[in-house]
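K.L.:
need a 3D model of the following:
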Amino acid sequence: MNALPRRRFLQAGGGLVVGFAFVPASRALAQLAPAAGKSVAADAVDSFLVIAPDGQVTLYSGKVDLGTGARVAYRQIVAEELDVPFVRVTMIEGDTALTPDQGTTGGSTGIVGGGIQIRQAAATARLALIAMAVKRLIVRRRN
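P.N.:
Below is the predicted model of the structure:
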C-alpha cells in the first residue's frame, strides 16, 4: 500500500489559500481585528498564527475545546508542523474579535473541522520561514 505523505496530501487537496507576511514591526491581523465581533480573515496564515521573535507561537483558533482535548491537539499540530516544543505554543480560542471564523464547534468534528485549517496555516508558515532563512543564508554567504 502506497501511503500519500501528509504534505503532498495537503498540497493536492488544498481548498484553503493562505498568505504569509513576516514583518517584525507589524502587528498580526488577529491583533488588528475590530472589536465589533467581526472575525479576521480565515484564509490568512497570520489570522491563525503569530510567531514572536523569541520563538513563542500563539495560535488563534475559532474552534473551542468542549472537553474533547482539542486545545491540546491543536497546539500539538502547530508544534509538530513548526518543529517547536509544545510548551512554546499558546492558544487563544473562540474570541470572535481575534480569531478566524471557523464555524461551529462540535465535539466529534473539532479536529476534522478546525485542525486541517490550523495544520495548513502552520505548514505554510513553516515553508515561509524556511524560504526567509534560505534568503538570509544566501545573502550572508555572498558577503
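K.L.:
going by C-alpha atoms from here, please, whenever you check contacts or count neighbours.
P.N.:
OK.
K.L.:
Three-state assignment for residue 87, please.
P.N.:
Under DSSP: H, G, I helix; E, B strand; the rest coil, residue 87 falls in the helix class.
K.L.:
likewise the one 4 residues further on?
P.N.:
Of the three states, residue 91 takes strand according to three-state DSSP.
K.L.:
quick check: it touching residue 58?
P.N.:
Yes: the criterion here is Cα atoms under 8 Å, and residue 91 meets it with residue 58 at 5.6 Å.
K.L.:
quick check: mean pLDDT of the helix or strand harbouring residue 121?
P.N.:
Assessed by DSSP states H and E, residue 121 sits inside helix 116-142. The average pLDDT within helix 116-142 is 84.
K.L.:
which strands and helices sit next to it?
P.N.:
helix 45-48, helix 70-82 (3 or more Cα pairs under 8 Å, 6 or more residues apart in numbering; DSSP states H and E).
K.L.:
swap in 6 Å and give it another go.
P.N.:
On a contact count with 3 or more Cα pairs under 6 Å, 6 or more residues apart in numbering; DSSP states H and E, helix 116-142 meets helix 70-82.
K.L.:
okay, the angle between the helix it packs on and helix 116-142?
P.N.:
Orientation of helix 70-82 against helix 116-142 (axes from the mean of the first three to the mean of the last three Cα atoms, to 10 degrees) gives an angle of 30 degrees.
K.L.:
could you list the buried residues of helix 70-82?
P.N.:
70, 71, 74, 75, 76, 77, 78, 79, 81, 82 (16 or more other Cα atoms under 10 Å).
K.L.:
now do stretch 80-90
P.N.:
Buried, per 16+ other Cα under 10 Å, within stretch 80-90: 81, 82, 89, 90.
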